[in-house]
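>>> 3D model of this:
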Amino acid sequence: TSASLLALILSFTFANERIVYYQIKDALISEATHLLDIYVDLNAYGGQNAETIKDLLVEYVDSVLEEGWVPDSNSLFDTKPTETYRQIYYSLQDLEPKSPQQEYLKSAMLEDVDFLSNYMQVRIYQTRQSIPQVFITSAGGLFITMILFAVYRPDRITIFFLALYSGFIGTIIYFLIVMSQPLQGPMQIRAEPFLILKEAAEVRQ
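Okay, the predicted model is just below:
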């Protein structure tokens, strides 16, 4: 009964961590998508100001790749990517459309940059991770289960199955801890969307 309850707790926790993991991954893909949308709209907008903002977009991608998901700064909102984002936002605000098409493109870019901020904050909020409380709960449940088995005389078969059980639970707990830190560690989310953007920008240059 104790083992079944522990398995139930671990299964729910694993499902929750998996949802959060892929939510962050989807947010990173969406962030890269809106960066590309802005870049394409700037090409259609034209002009020297648009070229300057395109350079800022490339600088933003470079800064994210160089700094990594976890910033070195103690202030999560005082980093090079966030500063570059502010420059992009203010530069888009300062654009002066001279035609209905440019007016539409500016409106679309401002909407994209607003979404970009939302997805960027999803990433920023996940940079400070801690060991999930389920680790303590699971360790306690495993300890209690071991105590319950103490009523049996230890023999090779009992010890063998206890070792298998402990190893299985330990493996699940390991993956729970790793998935709870999606921006660092062995299962960290990679920067493929930003690498693709950087390669595309270099090809266009």
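
>>> give the next helix or strand downstream of the lengthiest helix in the chain.
With DSSP state H applied, the helix covering the greatest number of residues in the chain is identified as helix 2-45. Under the assignment DSSP states H and E, the closest C-terminal helix or strand after helix 2-45 is helix 48-67.

>>> ok, back up a step: which helices and strands sit right next to the longest helix of the chain?
Using 3 or more CB pairs under 8 Å, 6 or more residues apart in numbering; DSSP states H and E, the elements in contact with helix 2-45 are helix 48-67, helix 100-125, helix 133-148, helix 156-179, helix 192-204. Just so you know, the C-beta spots here come from the backbone N, C-alpha and C atoms, and that holds for glycine as well.

>>> for residue 14, find the nearest of those.
The closest approach between residue 14 and any of the helices and strands packed on helix 2-45, judged by CB to CB, belongs to helix 156-179 at 5.9 Å.

>>> tell me which other helices or strands the closest one touches.
Counting contacts by 3+ CB pairs under 8 Å, 6+ apart, the secondary-structure elements packed against helix 156-179 are helix 2-45, helix 133-148.

>>> could you check how far the residue lying closest to residue 31 once chain neighbours are set aside is from residue 153?
Counting by CB to CB, 6 or more residues apart in numbering, the nearest residue to residue 31 once its immediate chain neighbours are dropped is residue 119, at 3.9 Å. Here residue 119 is placed at a distance of 58 Å from residue 153 (CB to CB, to the nearest Å).

>>> ok, now residue 144?
Residue 144 sits at a distance of 20 Å from residue 153 (criterion: CB to CB).

>>> settle it for me: which of the two has more neighbours?
The residue with more neighbours, out of residue 144 and residue 153 and counting by other CB atoms under 10 Å, is residue 144; that gives 13 against 6.

>>> tally of neighbours for residue 32?
Residue 32 has 21 neighbouring residues, counting by other CB under 10 Å.
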